[in-house]
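A.B. asks: I would like to see how this sequence folds:
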Amino acid sequence: MDHIRAVVVDPNVQGRLSLKQVAAPSPLPSEALIRVSAISLNLGEVRRSLSADAGWRPGWDLSGVVEKTAADGSGPKVGARVVGFLPSGAWAEQVAVPTHSLAVLPDSVTFAQAATLPVAGLTALYALDRANGSLLNRSVLVTGASGGVGVFGCQLARHGGARVVGVVRRAEREKYAREAGAHEVVIGDDISLASQFGPYHMVIESVGGAALGAALNMLAPDSVCVTCGVSSSPNVTFNAQNFFRVGGAVLYGFILFHEVKTRPVSDGLARLARLIGEGAVRPPIELEAPWTDIAKVANDFYNRGVPGKVVLLV
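C.D. replies: Numbering: from 1, shown residues only. Here you go, the predicted model:
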C-alpha cells in the first residue's frame, strides 16, 4: 500500500480538516504498524488545527490492530488489539507507533473505549500519581469535572478510595461528575464554594485563572495541586502567604508530553485498559461518529464544549 487516507489540515475547506491521500507510514525498527480502528478528539489538537499550516496532521489518540510487528522484536505481535499514543498524525488508516507507546487491550475493552485513554486517561492517571501517599479517605478536588480528564479523574480518585468533589460550570453538566463518582458537585465559575468540603489533599485543576487561585487556598498540609489546563485564563492571582503557610503544599505544572519522557506510555495505558476491563472505570464517551465527519464533529467539539469524549470510528 503506497498511500493511505489521513486527516489533514486544509484551510480551503470548511472546518479546516479533511481526509486526504498521504504516503503510507514506514515504521522504524522500534515501531509497530497499526491498522487504526478508532480515534478520539482532544481540545489541544483541535485548537491547533484552527491555525496550523496546510498539510499538518493532527491526532494523539488511537486504537486498532497490529499489522506488522516492530523489526527489533519489541512490543505486541501481529493481530494484537492495541491502544496507542502519538505526538501527531494518529488520525489515519495506518500509523507507525513506537512500541513503548502501545498497550494490548483486554478482550472486553472495545476500540472506542480504548481510544479515549491516551491523553485524557493518562493525564488523570499520572496527575493522581503525584499525590503524596495514598488517596484513601483523602479529599480530592477536580475542576472541569465533566470533561474527559475530569471524568477520568473523578473515577480514578474514587477508585483509589478518595472523597471526590467535582466542579462544573453549568448545572446540566452535574450529572457527568456524579456518574463519574463525585461525592459532591459545585456548580458555577466560583469554585471557592468547594472550600466547605476541603481542605484537599489533591487537586486536579484544568481551568486556570480564578479557579486555580481559589484552589491554592483550599490545600491541606503536604498536598499537591496539579495544574494541567487553562480553559478559562492563563493568568492567575493568589495569596502566596496563605499558600506557603499551609506547609508542604506543592503546585505542579503538568503536561503529558513532558511526563511521558520518563514514564512509559505503555505502562499507563495498560493500567487504564485493565481498569476498564475490570469495570472499575467507564470511558466517558459522549459521541461516536464516522471519521468522515471529522470537520463537523471537531467544530462542534470546540465551539459547544461537548462533555466527556468524542470518538470517531475509522
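A.B. asks: can you list the domains in this protein?
C.D. replies: 3-118+264-313, 131-253 (automatic domain parsing).
A.B. asks: Export those domains as a markdown table, with columns for mean neighbour count, distance to A124 and mean pLDDT.
C.D. replies: Glycine gets a C-beta too; all of them are placed from N, C-alpha and C. Putting those into a markdown table (neighbours: other C-beta atoms under 10 Å; distance: least, C-beta to C-beta, whole Å; pLDDT from 0 to 100) gives the following:
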| stretch | mean neighbour count | distance to A124 | mean pLDDT |
| --- | --- | --- | --- |
| domain 3-118+264-313 | 19 | 9 | 96 |
| domain 131-253 | 20 | 4 | 95 |
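A.B. asks: Just put those in a markdown table and tack on distance to L125.
C.D. replies: Listed next are the domains of the chain as a markdown table, based on distance: least, C-beta to C-beta, whole Å:
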| stretch | distance to L125 |
| --- | --- |
| domain 3-118+264-313 | 6 |
| domain 131-253 | 6 |
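A.B. asks: mind checking the SS state of the closest residue in space to G89 that isn't next to it in sequence?
C.D. replies: Once flanking residues are discounted, G89 sits nearest to R57: 4.2 Å by C-beta to C-beta, 6 or more residues apart in numbering. What DSSP: H, G, I helix; E, B strand; the rest coil gives for R57 is coil.
A.B. asks: And the closest residue to G248 other than its chain neighbours, how far from R245?
C.D. replies: Residue nearest to G248 in three dimensions, not counting chain neighbours: D222, with 3.9 Å by C-beta to C-beta, 6+ apart. Distance of D222 to R245, given as C-beta to C-beta, to the nearest Å: 13 Å.
A.B. asks: same thing with H201?
C.D. replies: Taking C-beta to C-beta, one finds H201 at 17 Å from R245.
A.B. asks: swap in V9?
C.D. replies: 48 Å.
A.B. asks: quick one on the thing from earlier: which residues touch the residue nearest to G248?
C.D. replies: Contacts for D222 (C-beta atoms under 8 Å, 6 or more residues apart in numbering) come out as 132, 201, 247-249.
A.B. asks: re earlier: would you check that the residue nearest to G89 makes contact with V8?
C.D. replies: Yes - with contacts counted by C-beta atoms under 8 Å, R57 reaches V8, the gap being 5.6 Å.
A.B. asks: so what's in contact with those two at the same time?
C.D. replies: With C-beta under 8 Å, 6+ apart, R57 and V8 have common neighbours V22.
A.B. asks: Give me the phi and psi for K20.
C.D. replies: Torsion angles at K20 (phi, psi; degrees, to the nearest 10) stand at phi -140, psi 160.
A.B. asks: so who does the residue nearest to it when sequence neighbours are not counted touch?
C.D. replies: Beyond its immediate neighbours in the sequence, the residue positioned closest to K20 (C-beta to C-beta, 6+ apart) is V8, lying 4.5 Å away. By C-beta under 8 Å, 6+ apart, the residues touching V8 are 17-20, 22, 54-57.
A.B. asks: With L269 instead?
C.D. replies: 83-85, 101-103, 117-118, 121-122.
A.B. asks: Name the helix or strand for it, please.
C.D. replies: helix 265-277 (DSSP states H and E).
A.B. asks: List of residues touching the helix or strand just after that helix?
C.D. replies: Following helix 265-277 in sequence order, the next helix or strand is strand 285-290 (DSSP H and E). With C-beta under 8 Å, 6+ apart as the test, strand 285-290 has contacts from 112-113, 116, 297, 306-313.
A.B. asks: Could you report the distance from the closest residue to R81 other than its chain neighbours to K309?
C.D. replies: Among residues not flanking R81 along the chain, L105 sits closest, at 4.5 Å (C-beta to C-beta, 6+ apart). Between L105 and K309 the distance is 16 Å, computed by C-beta to C-beta.
A.B. asks: How about V230, nearest residue that isn't a chain neighbour?
C.D. replies: G208 (3.2 Å).
A.B. asks: Is it correct that that neighbour is in contact with V236?
C.D. replies: Yes - applying C-beta under 8 Å as the test, G208 and V236 come out as touching, 6.4 Å apart.
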